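1. give me a model of this one.
(4 chains)
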There are 2 protein chains.
Amino acid sequence: MNKKMKIYEMRANILKAMAHPSRLMMIDAMSKGGEVCVCDLVDLVGSDQSTVSKHLGILKQAGLVEDRKEGQKSFYRLTRPCVMDFFGCIERVMQENLKEQQKVLAER
Amino acid sequence: MNKKMKIYEMRANILKAMAHPSRLMMIDAMSKGGEVCVCDLVDLVGSDQSTVSKHLGILKQAGLVEDRKEGQKSFYRLTRPCVMDFFGCIERVMQENLKEQQKVLAER
DNA sequence: TGGTTACATGGTCATTTTACCATATAGCCA
DNA sequence: TGGCTATATGGTAAAATGACCATGTAACCA
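-> Okay, here's the model as predicted:
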């Protein structure tokens, strides 16, 4: 495929890595806590420990997070906190969606 | 689930809608052309017309695009051009990823 | 009216994603 | 050393995604 397509694939990979509720929750936690251990993320999202670990692997593979081991624990943090900036825009899309649904309900 | 989880699910839906190379290509085209007809998008991405139409349905369902019919054509446009702002950050993640790979290659 | 163009939708199959269980690995401590 | 804690990884089954073909629908035109 052409050069452009490669870029879109790379972008898609990163977006796909973010596009899961549990992973977004973890990203949010990291953006607030700076650095979070796996154990705390397991408590936070409430899934199996292996599931959380795999989610983190996906985020790491995409380059969205880095990890650091200390004793028996692993700590994860965002590599680019700017990813959080996007959610302002996303929230506006969500608002607009709700407004649309309201309109549909109203015009019956 | 709790209230927070709902928000993450909504965010994930929007991100998932964006997380596909063809859809990112179409979003890019709309951000530049303002309004694009399905026929042009079919030429652009090179997939089957039905495939492109379904991709557009996904974007619309997420609230990322709106459509307008004129004659036999449908024109799509971004509802929130701010979605483009994210790619600066994404590109920085991509740059960082490449740098990492370089390092891995170099340190052999 | 009949044919053509533009788009949407239903169906199907292959691929990917996700979750959990079981298990491996590695540090810590008694 | 043996057992416990924290994390990662392999396996598997269910669900979601994506691509194409076939077909439906609506506008336009000869």
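2. is A:Asp43 in a helix, a strand, or coil?
-> Secondary structure assignment for A:Asp43 (DSSP: H, G, I helix; E, B strand; the rest coil): helix.
3. please tell me how far A:Met94 sits from DNA strand C.
-> Distance, A:Met94 to DNA strand C, by Cβ to the nearest atom of the strand, to the nearest Å: 19 Å. The C-beta positions use only the backbone N, C-alpha and C, and glycine is treated the same way.
4. I'd like to know the average pLDDT value across the helix ranked longest in chain A.
-> Scanning chain A for the longest helix, with DSSP state H as the assignment, gives helix A:86-106. Helix A:86-106 carries an average pLDDT of 92.
5. could I get the phi/psi values of A:Lys69?
-> phi -100, psi 140 (degrees, to the nearest 10).
6. and it, what are its bridge partners?
-> A:Ser74 (DSSP bridges).
7. count the residues that sit near it.
-> 9 (other Cβ atoms under 10 Å in any protein chain shown).
8. A:Cys82 too?
-> 14.
9. what residues are up against it?
-> A:Cys82 makes contact with B:88-89, B:92, according to Cβ atoms under 8 Å, 6 or more residues apart in numbering or on different chains.
10. try it again at 7 Å.
-> Applying Cβ atoms under 7 Å, 6 or more residues apart in numbering or on different chains, we find A:Cys82 in contact with B:89, B:92.
11. that one and A:Gln102, how far apart?
-> 32 Å (Cβ to Cβ, to the nearest Å).
12. ditto for A:Lys4
-> 39 Å.
13. is A:Tyr76 in a helix, a strand, or coil?
-> Assigned with three-state DSSP, A:Tyr76 falls in the strand class.
14. thought it was touching A:Val65?
-> Yes - the criterion here is Cβ atoms under 7 Å, and A:Tyr76 meets it with A:Val65 at 4.9 Å.
15. list the buried residues for the longest helix of chain A?
-> A:86-87, A:89-90, A:93-94, A:97 (16 or more other Cβ atoms under 10 Å in any protein chain shown).
16. please apply the same query to stretch A:8-15.
-> Applying 16+ other Cβ under 10 Å to stretch A:8-15 flags A:8, A:10-15 as buried.
17. so which bits of chain A are right by DNA strand C?
-> A:16, A:19-20, A:22, A:47-48, A:50-51, A:54-55, A:58, A:71-72 (Cβ under 7 Å from any atom of the strand).
18. among those residues, which are located in helices?
-> Among the residues of chain A next to DNA strand C, the members found in helices (DSSP H) are A:16, A:22, A:50-51, A:54-55, A:58.
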